[in-house]
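Asks: My questions are about this predicted structure, shown below with the sequence.
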Amino acid sequence: GAGVSQSPSNKVTEKGKDVELRCDPISGHTALYWYRQSLGQGLEFLIYFQGNSAPDKSGLPSDRFSAERTGGSVSTLTIQRTQQEDSAVYLCASSLWVRQPQHFGDGTRLSIL
Amino acid sequence: GENVEQHPSTLSVQEGDSAVIKCTYSDSASNYFPWYKQELGKRPQLIIDIRSNVGEKKDQRIAVTLNKTAKHFSLHITETQPEDSAVYFCAASKGGQNFVFGPGTRLSVLP
């Protein structure tokens, strides 16, 4: 596609439910990143995928968070047993290779009631 | 791990004046430093980046300078316009992996 696509654009769910957020990177981009941005705050790194290498999960805030990237393309971020503090905009970005400019998607705005 | 500080947190300038935002980083191994502009409710967009083998890079009204010894890099915007108003984020990365972002600077360009 022309850019990074994320779905859904908005997600409202009850505390305790699981959610899945999807990211379609730009075709051919080998690197994919997930970030979290709380209202009025900066970007918090969550996880990084590069090609077929093991992902860098060092930014995941708890074991309720997990992500996978199938076939080196689409990625899914899963949050289990959601808590109110998980409410934020979750941004995905991809880049052609390491140390190349990242292109961001529009994000998924997650609201936990 | 890497820590990125960014100053100022807010900046107001008159249209036509210059704006400077400074970031410092802690990990001397960081070698890639992008700057992003984020308008309200929009996605961050890359405006300029610099690699550690370069001291300065310029693109029209925007320039970035890097001082590896002091571990700081700065964004310079000249002849500011109202459409430059946004939140600007710096970031540092080692090998393009874990990007650490600064907390952001809210720039307001007053007409």
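Replies: Perfect, thanks for sending it.

Asks: for chain B, where's the lowest mean pLDDT among helices and strands?
Replies: Every helix and strand of chain B was ranked by mean pLDDT, DSSP states H and E. The lowest is strand B:100-101, at a mean of 91.

Asks: quick one: average pLDDT of the next helix-or-strand element following it?
Replies: Once the chain leaves strand B:100-101, the next helix or strand it forms, by DSSP states H and E, is strand B:105-110. Across strand B:105-110, pLDDT averages out at 97.

Asks: Direction included, what does strand B:105-110 pair up with?
Replies: Strand pairing for strand B:105-110, using DSSP bridges, gives strand B:10-14 (parallel), strand B:86-92 (antiparallel).

Asks: Just give me the neighbour total for the residue in chain B that chain A sits nearest to.
Replies: Going by CB to the nearest CB, chain A is nearest to B:Gly96 of chain B, at 2.9 Å. C-betas here are computed from N, CA, C, even on glycine. Counted with other CB atoms under 10 Å in any protein chain shown, residues neighbouring B:Gly96 total 18.

Asks: rewinding a little: identify whichever of the strands paired with strand B:105-110 lies nearest to B:Glu56.
Replies: Set against B:Glu56 and scored by CB to CB, the strands paired with strand B:105-110 come closest in strand B:86-92, at 15.3 Å.

Asks: Which positions within that closest one qualify as buried?
Replies: Neighbour-count burial for strand B:86-92, counted by 16 or more other CB atoms under 10 Å in any protein chain shown, picks out B:86-92.

Asks: distance between that strand and the chain's centre?
Replies: 5 Å (CA atoms, centre = their mean, to the nearest Å).

Asks: mean confidence for it?
Replies: Mean predicted confidence for strand B:86-92 is 96.

Asks: quick revisit: what are the contacting residues of the least confident helix or strand of chain B?
Replies: Outside strand B:100-101, the residues that touch it by CB atoms under 8 Å, 6 or more residues apart in numbering or on different chains are A:35, A:42-45, B:1-4, B:25, B:36, B:89-93.

Asks: and those residues, which are buried?
Replies: By 16+ other CB under 10 Å, the contacts of strand B:100-101 give A:35, A:42-45, B:2, B:4, B:25, B:36, B:89-93 as buried.

Asks: Among those residues, which lie within strands?
Replies: Assigned to strands by DSSP state E, the following of the buried ones among the contacts of strand B:100-101 qualify: A:35, A:43-45, B:4, B:25, B:36, B:89-92.

Asks: which stretches of chain B have low pLDDT?
Replies: Applying pLDDT under 70 to chain B picks out no residues at all.

Asks: No more questions from me, cheers.
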